[in-house]
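> quick one, fold the following:
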Amino acid sequence: MNAADVAVIVLGTGLIGWELWYFLAPPVRDVAPPGGVQEIRVRVRHGFEPDTIPVEIGRPVRLVFYREETAACSGELVFEGLDIRRSLPPFEATPVEFTPTQPGDYVFRCGPPGPEGRVVAQVGRDAARLNLGRGHDKHA
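Okay, here's the model as predicted:
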């Protein structure tokens, strides 16, 4: 075996390794920097998607609701316990911002009583990573 054969074997092995990494490695997601805003997009259509949103306590949360329907029951958004009420115009993005200070569930619903969802505030950065980039891409 000469130097050319060794070079071909080494190069081939390297290319196979790169190809395996490229196609099989988990995708890299953009994650918010520590202390940054946790932004989640929520589609409103016959309910909420996603309807359970894990976040990290102590960091600002921006939920961007996009209402894809004109049904009267989804025209208003109410966050129980946070004193937040927002009108949800059809086919428009509506941001809602708050900072959870305690672990637990922050329930939201359409008013009058209709579909429900919840923000689950948890301790630790992993809570926010569970949901980054999820939701629909209608208003990315």
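
> going forward, measure contacts between C-alpha atoms and count neighbours the same way
OK.

> angles on the backbone of Trp21, please.
Here is the backbone geometry of Trp21 (degrees, to the nearest 10): phi -60, psi -50.

> could you number the chain from 31 rather than 1 from now on?
Sounds good: first residue 31 from here, last item Trp51.

> burial count for it?
For Trp51, the neighbour count with other C-alpha atoms under 10 Å is 11.

> look up how far Gly88 lies from it.
Noted for Trp51: a distance of 36 Å to Gly88, by C-alpha to C-alpha, to the nearest Å.

> cool, Val94 as well?
From Val94 across to Gly88, the span is 19 Å (C-alpha to C-alpha).

> ok, now His76?
Distance from His76 to Gly88, by C-alpha to C-alpha: 31 Å.

> so which of those two has more stuff around it?
Gly88 (17 against 14).

> report the buried residues of stretch 87-100.
For stretch 87-100, burial by neighbour count (16 or more other C-alpha atoms under 10 Å) applies to 87-99.

> my bad, stretch 106-115
So for stretch 106-115, counting by 16+ other C-alpha under 10 Å, buried means 106-109, 115.
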